[in-house]
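Participant: curious how this folds, go ahead:
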Amino acid sequence: MANLDRINAELQRQISEIIRTEVKNPRVKGILTVTEVRTTADLKYAKVYVSLLNSKNEEKTIEAIQNSAGFIRSL
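Facilitator: So this is what the prediction gives:
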């Protein structure tokens, strides 16, 4: 499981960096933090958990991140 933990930590860092620097969606407002990433043992799926602060409309911000998922995956 140590390898999977390292992969999860690296994915967390990379996804956080992509959201901060590459996602240019104006609906992504506030402070967004990737808190945890959980991948399956076969590395086929990853679930990303985020925390959101200082956003006036949290639902629209989360929806904007979900809409950007394909772009984030492609990088």
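Participant: quick check: nearest residue in space to A9, chain neighbours excluded?
Facilitator: V37 (7.7 Å; Cβ to Cβ, 6 or more residues apart in numbering). For the C-beta atoms, the positions are set from N, CA and C on the backbone; glycine is no exception.
Participant: can you name every helix or strand that the host helix or strand of that neighbour contacts?
Facilitator: Per DSSP states H and E: V37 is located in strand 31-39. Packing partners of strand 31-39 (3 or more Cβ pairs under 8 Å, 6 or more residues apart in numbering; DSSP states H and E): helix 2-21, strand 46-53.
Participant: next, count neighbours for the residue nearest to A9.
Facilitator: 19 (other Cβ atoms under 10 Å).
Participant: one more: T61?
Facilitator: By the criterion of other Cβ under 10 Å, T61 has 19 neighbours.
Participant: quick one on the thing from earlier: quick check: neighbours of the strand holding V37 in the sheet, parallel or antiparallel?
Facilitator: Note on strand 31-39: by DSSP bridges, its sheet partners are strand 46-53 (antiparallel).
Participant: which helices and strands sit right next to the next helix or strand after the strand it pairs with?
Facilitator: Once the chain leaves strand 46-53, the next helix or strand it forms, by DSSP H and E, is helix 58-67. In terms of contacts (3+ Cβ pairs under 8 Å, 6+ apart), helix 58-67 is packed against strand 46-53.
Participant: and the strand it packs on, which residues are buried?
Facilitator: V48, L52 (16 or more other Cβ atoms under 10 Å).
Participant: if we can go back for a sec, G30 is nearest to which of the helices and strands packed on strand 31-39?
Facilitator: Of all the helices and strands packed on strand 31-39, strand 46-53 sits nearest to G30, with 5.5 Å by Cβ to Cβ.
Participant: what sits against S16?
Facilitator: T33, V34 (Cβ atoms under 8 Å, 6 or more residues apart in numbering).
Participant: beyond the helix or strand bottoming out on mean pLDDT in the chain, next helix or strand please.
Facilitator: The least trusted helix or strand in the chain, going by mean pLDDT, DSSP states H and E, turns out to be helix 58-67, with a mean of 89. Using DSSP H and E, the helix or strand that follows helix 58-67 in sequence is helix 69-74.
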